[in-house]
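*Asks:* sequence plus the predicted model coming up.
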Amino acid sequence: MESDEPMAFSAVALEAAQLLAVQAASAIRNATLYQQVPMVRMFQPIAKGHRVFQNLTGGRRIGTVVGAIALVAALFLVPVPLRVAGDARVLPQRKLPVTSAVEGRVAQVLVREGDKVEEGQVLATLDATDIAAGREGAMARYRAGVREQSRMRAEGLTGDAAVQQARLAGLKAEVDLWDARMDRTELRATVAGVVSTPRVEELVGTRLAKGDSFCDLVEPGRQEIEVAIAERDAGLLAVGQTVKTKLYAFPTRTFPAVVEQLGVAATVQEGSRVFLARARLISDDDPLRPGMTGRAKVTTRWTSIAMWALRRPARWIWSIVWGWLP
């Protein structure tokens, strides 16, 4: 404060002015410190919202309260699926070999890779020239024996005819044996499945020993995937849970599956510990190729929106609090 006249203020007035200046400086300093406190800035939006709420009319205030209650109720009452995700890959299918029951050369192949076959369907035939010749010889001996038996009976040689009957039984068994060998020259599918051997039609002329594999079949409907779930989510997995798989080779399609087996030990993938779960695909589409990769989501259970959103933060906070507990 200034004045044109010297000694315009008394000592009491000057002392009062000094007190006011000190109080003003303290107020400015306290306001500055108040703005620097982190918690104050945190509660500023709440205070602002409270002021806005206080300025609302009665009807709008009731509507705001009802809306807030409905929002909270939805957060805790509306169920959403709790899913865990991980990398997925298509596993090799269980292969069932089709083997040759007799030795022979492949004469004809009736299928190609990828063909669907039924149980008992003929896949290929072996060269049966030698077997056919052996059967014809056995059949000729049997027919000659039948004629000889007829002659003996005609001449009244009953005893010789009875002996010949025993010989005919042996010759008939030999014919049946050649018939069985002839049937084995047809290589048939032991189960319904899909031919998985590449270029199987090029095996014509190949000689197979008894027990050699001609081709492999895979069972449709037994396609499996392997899902790697992070260790922190492994406790949520259970057999029977549904899985949705998205493969990079088919980005627009989703393949449903069901968890059938859980890994009992953790493995390390890209520096992280994961547990492997096997799931069976339930699609009727053509079999996928082993080794295809993608992502899979496992639906573990249904929970509220609030629990879904707060699950990980709550686990993090609990891990800290647990460390403080005795």
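*Replies:* Yep, it's here.

*Asks:* which parts of the stretch 201-326 of the chain are strands?
*Replies:* 207-208, 213-218, 224-230, 242-247, 255-262, 267-269, 272-281, 293-304 (DSSP state E, counting those that start in this stretch).

*Asks:* contacting residues for E113?
*Replies:* Shown in contact with E113 (CB atoms under 8 Å, 6 or more residues apart in numbering): V195, S196, T197, P198, R199, V200. All C-beta atoms are positioned from the backbone trio N, CA, C, and that covers glycine.

*Asks:* residue ranges with poor pLDDT in the protein?
*Replies:* Residue ranges of the chain with pLDDT under 70: 1-14, 16-17, 27, 29-56, 58, 61, 220-221, 284-287.

*Asks:* can you give me the helices for it?
*Replies:* 11-36, 38-55, 58-77, 129-154, 158-184, 305-324 (DSSP state H).

*Asks:* any chance of the ones you listed in TSV, plus distance to R89 and mean neighbour count?
*Replies:* Listed next are those as TSV, based on distance: least, CB to CB, whole Å; neighbours: other CB atoms under 10 Å:
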stretch	distance to R89	mean neighbour count
helix 11-36	54	10
helix 38-55	46	10
helix 58-77	37	11
helix 129-154	46	15
helix 158-184	39	14
helix 305-324	26	11
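
*Asks:* if we can go back for a sec, quick one: closest of the strands of the stretch 201-326 of the chain to Q165.
*Replies:* Q165 lies closest to strand 207-208 among the strands of the stretch 201-326 of the chain, at 39.1 Å (CB to CB).

*Asks:* contact partners of the closest one?
*Replies:* S100, E103, G104, R105, V106, L126, F214.

*Asks:* circling back to that earlier point, as a markdown table, the strands of the stretch 201-326 of the chain with mean neighbour count would be great.
*Replies:* Shown next, in a markdown table, are the strands of the stretch 201-326 of the chain (neighbours: other CB atoms under 10 Å):
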| stretch | mean neighbour count |
| --- | --- |
| strand 207-208 | 16 |
| strand 213-218 | 20 |
| strand 224-230 | 20 |
| strand 242-247 | 19 |
| strand 255-262 | 17 |
| strand 267-269 | 11 |
| strand 272-281 | 19 |
| strand 293-304 | 17 |
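
*Asks:* got a markdown table for those, with distance to V117 too?
*Replies:* Conversion of the strands of the stretch 201-326 of the chain to a markdown table gives the following (distance: least, CB to CB, whole Å):
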| stretch | distance to V117 |
| --- | --- |
| strand 207-208 | 19 |
| strand 213-218 | 7 |
| strand 224-230 | 21 |
| strand 242-247 | 26 |
| strand 255-262 | 24 |
| strand 267-269 | 37 |
| strand 272-281 | 20 |
| strand 293-304 | 29 |
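
*Asks:* I am finished for the moment; much appreciated.
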